[in-house]
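Chemist: Fold the following for me, if possible:
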Amino acid sequence: MTQVLLPRAGVPRRSLRDLLDHRSTSATVRRRVLKVACGAVVLGFLVWRLGTGPFLDGLRATTPWAVLAALVVTAGTTWCSAKRWSLVSAKLGRELPMRTAYAAYYRSQLINSTVPGGVVGDVHRAYRHGWRGVVWERVLGQVVQVAVVGALLLPGGWRWVGLGAVLLMALAGGAVLLLSTLAVAGHLVVFLVAAQSVGVDLTPLQLVPIGALVLLGAAIPLNVAGWGPREGVAVWAFTAFGSTAAAGLTVSVTFGVLATVATLPGLVVVLGGRRG
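Modeler: The predicted structure is shown next:
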């Protein structure tokens, strides 16, 4: 005789929604692990091919004056990005005071630079202040960055024509695009500071397009707290422009350290929020 089993009293059955939420969470965790693993694989490959020397040289090249320059420039680029976010949010119907945006952007950069994945800070910012504003702000920033890279990679005199076109586009597009252009320029300045600290044998005209490519590599969300694709792109770009893979990796490490240290003012926001 077949026995029918009924649910015991007091034991709730898992709903379909609970199961779907569990599966969604598991898929999210797997994606995050995969992203971090990709960055770790790139770093492991670079260590295997080039050794640990370029990493140590990059750390040694991080001088106090370079850190100071990165802190000052990053304060400006963060203001430009926060202002862009504030303007975009206002156009979407959600007012975001500049003081709030500036503090939240610093905190977001600090999280991105210290938590595996490279986008956790942006996710946190979107969760607290609205997704649409953050998504549009990041998209506009990436579009301008790609346009700048494209212009810098044009041959000969066409490079200046391309940069002029990007500048005209930024001016015609209003404050948001202009702020994006200034933010990209600031990040390139930090990259030049890193290259100067290392002492690579390339001119600024050669280093600027390399730096633009490295910024694109840093934006790839398959990294370990920003590390991985950025270093891989740097190695390839320096080699393509007549330098060495070791020099590219060393500059990228110095740039990564400077970019991380420059986000440390975000600690003030994080600690202040915890006390609050």
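Chemist: where do the helices sit along the stretch 1-150 of the chain?
Modeler: Assigned helices in the stretch 1-150 of the chain, in chain order: 16-50, 53-60, 64-91, 98-114, 120-129, 131-152 (criterion: DSSP state H, counting those that start in this stretch).
Chemist: want to try a markdown table for those helices, with mean pLDDT, distance to Leu178 and mean neighbour count as columns?
Modeler: Yep, even glycine has a C-beta here, placed from its N, CA and C like the rest. Below are the helices of the stretch 1-150 of the chain laid out as a markdown table (pLDDT from 0 to 100; distance: least, Cβ to Cβ, whole Å; neighbours: other Cβ atoms under 10 Å):
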| stretch | mean pLDDT | distance to Leu178 | mean neighbour count |
| --- | --- | --- | --- |
| helix 16-50 | 73 | 32 | 13 |
| helix 53-60 | 94 | 33 | 17 |
| helix 64-91 | 95 | 9 | 19 |
| helix 98-114 | 91 | 16 | 21 |
| helix 120-129 | 90 | 22 | 18 |
| helix 131-152 | 91 | 9 | 18 |
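Chemist: what's the pLDDT at Thr2?
Modeler: pLDDT recorded at Thr2 is 48.
Chemist: which residues make contact with stretch 74-90 from outside it?
Modeler: Contacts with stretch 74-90, where a contact means Cβ atoms under 8 Å, 6 or more residues apart in numbering, come from 95-98, 101-102, 104-106, 109, 129-130, 133-134, 136-137, 140-141, 175-176, 179-180, 182-183, 186-187, 190, 259, 262-263, 265.
Chemist: coming back round to it: out of the helices of the stretch 1-150 of the chain, which comes closest to Leu207?
Modeler: Of all the helices of the stretch 1-150 of the chain, it is helix 131-152 that lies closest to Leu207, at 10.4 Å by Cβ to Cβ.
Chemist: Could you tell me the angle between that closest one and helix 120-129?
Modeler: Put simply, helix 131-152 runs at 140 degrees to helix 120-129, going by axes from the mean of the first three to the mean of the last three Cα atoms, to 10 degrees.
Chemist: Report the distance from helix 131-152 to the chain centre.
Modeler: In terms of Cα atoms, centre = their mean, to the nearest Å, the centre of helix 131-152 is set 12 Å apart from its chain centre.
Chemist: ditto for stretch 213-227
Modeler: Counting by Cα atoms, centre = their mean, stretch 213-227 is centred 6 Å from the centre of its parent chain.
Chemist: Contacts only, for Thr239.
Modeler: Ala245, Gly248.
Chemist: Flag every buried residue along the helix or strand containing it.
Modeler: Taking DSSP states H and E as the definition, one finds Thr239 inside helix 229-240. If you call a residue buried by 16 or more other Cβ atoms under 10 Å, then helix 229-240 has these buried ones: Pro229, Arg230, Glu231, Gly232, Val233, Ala234, Val235, Trp236, Ala237, Phe238.
Chemist: Turn those residues into a markdown table, including pLDDT.
Modeler: Below are the buried residues of helix 229-240 laid out as a markdown table (pLDDT from 0 to 100):
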| residue | pLDDT |
| --- | --- |
| Pro229 | 90 |
| Arg230 | 93 |
| Glu231 | 94 |
| Gly232 | 94 |
| Val233 | 94 |
| Ala234 | 95 |
| Val235 | 96 |
| Trp236 | 95 |
| Ala237 | 95 |
| Phe238 | 96 |
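Chemist: Relative to Val251, which of these is nearest.
Modeler: Using Cβ to Cβ, these come closest to Val251 at Ala234, 6.3 Å.
Chemist: hmm, back to that, for the buried residues of helix 229-240, give me JSON lines that also has distance to Leu271.
Modeler: Listed next are the buried residues of helix 229-240 as JSON lines, based on distance: Cβ to Cβ, whole Å:
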{"residue": "Pro229", "distance to Leu271": "31"}
{"residue": "Arg230", "distance to Leu271": "28"}
{"residue": "Glu231", "distance to Leu271": "30"}
{"residue": "Gly232", "distance to Leu271": "34"}
{"residue": "Val233", "distance to Leu271": "34"}
{"residue": "Ala234", "distance to Leu271": "33"}
{"residue": "Val235", "distance to Leu271": "37"}
{"residue": "Trp236", "distance to Leu271": "39"}
{"residue": "Ala237", "distance to Leu271": "37"}
{"residue": "Phe238", "distance to Leu271": "38"}
